[in-house]
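> Fold the following for me, if possible:
(one chain, ligands or ions: 1)
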Amino acid sequence: MSATILDGAAVAAAIRERVAGEVRELAGRGVSPRLEVILVGDDPASRVYVGAKGKACAQVGIRSGTHNLAAGAGAAELASLIARLNADPDVDGILLQMPLPKPLDGRAFLDLIDPAKDVDGFHPTNVGLLHQGRPAFVPCTPAGILELLDRAGVALTGARAVVLGRSEIVGKPMAALLLARHATVTVCHTRTADLPAVCREADVLVAAAGRAALVTAAFVKPGAVVVDVGVNRVEDAALVARLYPGDTERAAGLAKRGYTLVGDVDFNAVARVAGAITPVPGGVGPLTIAGLLQNTVTAARRRRGL
Ligand code: GUN
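Residues are numbered from 1 along each chain as shown. The predicted structure follows:
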């Protein structure tokens with residue numbers, strides 16, 4: 001392996017420390033940031049994410065609460081909860097955990113959140129501002145990735161950046177942020193013709209397509225920086241053995257839980273070609289919650305004109 005490992009967990013820890021300092025500073029002004037999280041239904045993964053968000057808030061001194069609506073909650077009930085949180089002057093941030101159970105349409109409810117409290121950066125007002133190059137609340141994962149790249153000293157001005165994936169949560173905002181930093185940005189996806197050749201043009205490749213180990217060495221220019229946003233549950237023991245030969249820790253985790261988390265990048269193969277790479281786990285994952293904490297404190301300050 002030749003690539004430098006980009007340590008997202010360390011960067012997330014540094015962001016959390018900075019946020020904790022901002023919380024202390026706001027406390028001196030009588031301000032105590034507060035996040036309210038809405039979870040609809042009982043999706044196990046969403047439950048874990050929401051729990052982790054609450055715990056992370058507590059660690060840095062942000063007040064937080066969770067509103068758990070039943071899977072069968074009606075649109076009126078959810079809309080009225082959002083309206084109540086919008087109107088509560090003591091609430092700084094509102095996060096509606098995605099995805100919503102059917103038949104609720106996630107986007108319709110994200111649209112109801114006050115843009116000044118939209119700590120996910122998913123409201124059309126915040127999306128529009130980001131694409132105009134005057135960001136307000138930037139989606140947490142791409143914001144964290146940018147900080148990771150900056151702290152690693154990755155030059156973006158003039159660089160060829162390729163974003164593989166076009167989601168509202170990662171791909172599109174990531175492309176907007178890289179463009180604002182003067183990279184030359186290509187957005188591609190799983191239906192792009194000759195995807196490996198397009199990705200091979202990248203000095204900085206952000207893989208966020210949601211397909212386990214899609215990005216092989218053939219996708220990567222030697223020396224490129226590769227950021228892996230994927231968190232795919234893989235249950236296929238033969239695939240895991242092929243991707244991580246001799247990795248007894250992985251094999252043990254798979255045997256214990258019935259799955260292992262695999263990124264969009266074939267890590268071992270790509271690490272031989274790339275200049276730097278994020279691992280899964282321990283790369284991009286920890287940055288998402290750190291970004292949420294930062295956005296919540298920013299919301300608390302902005303709402304008061306501080
Ligand atoms: N579901 C998966 N990731 C996210 C996220 O960043 N925010 C919200 N609200 N839901 C998610």
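> The residue of the stretch 51-200 of the chain found nearest the ligand is in what secondary structure piece?
At 3.6 Å from the ligand, residue 98 is the closest residue in the stretch 51-200 of the chain, using Cβ to the nearest ligand atom. Yep, even glycine has a C-beta here, placed from its N, CA and C like the rest. Using DSSP states H and E, residue 98 sits in no helix or strand.
> Contact partners for it?
Going by Cβ atoms under 8 Å, 6 or more residues apart in numbering, residue 98 touches 46, 106, 169.
> Give me the neighbour count for the second one.
Put plainly, it is residue 106. For residue 106, the neighbour count with other Cβ atoms under 10 Å is 16.
> Without its sequence neighbours, what residue ends up closest to it?
residue 100 (4.7 Å; Cβ to Cβ, 6 or more residues apart in numbering).
> so who does the one you found touch?
Applying Cβ under 8 Å, 6+ apart to residue 100 gives the contacts 40, 41, 78, 106, 109.
> what does residue 112 give?
79, 82, 83, 86.
> which among those gets closest to residue 17?
Taking Cβ to Cβ as the measure, residue 17 sits nearest to residue 86 out of the contacts of residue 112, at 30.8 Å.
> Enumerate the residues of the stretch 101-250 of the chain near the ligand.
120, 140, 169 (Cβ under 6 Å from any ligand atom).
> Save those as JSON lines, and put in distance to residue 207 and secondary structure too.
Formatted as JSON lines, those follow (distance: Cβ to Cβ, whole Å; DSSP: H, G, I helix; E, B strand; the rest coil):
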{"residue": "120", "distance to residue 207": "21", "secondary structure": "coil"}
{"residue": "140", "distance to residue 207": "18", "secondary structure": "helix"}
{"residue": "169", "distance to residue 207": "14", "secondary structure": "coil"}
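> Nearest to residue 27 among the residues you listed?
The nearest member of those to residue 27, counting by Cβ to Cβ, is residue 140 at 23.2 Å.
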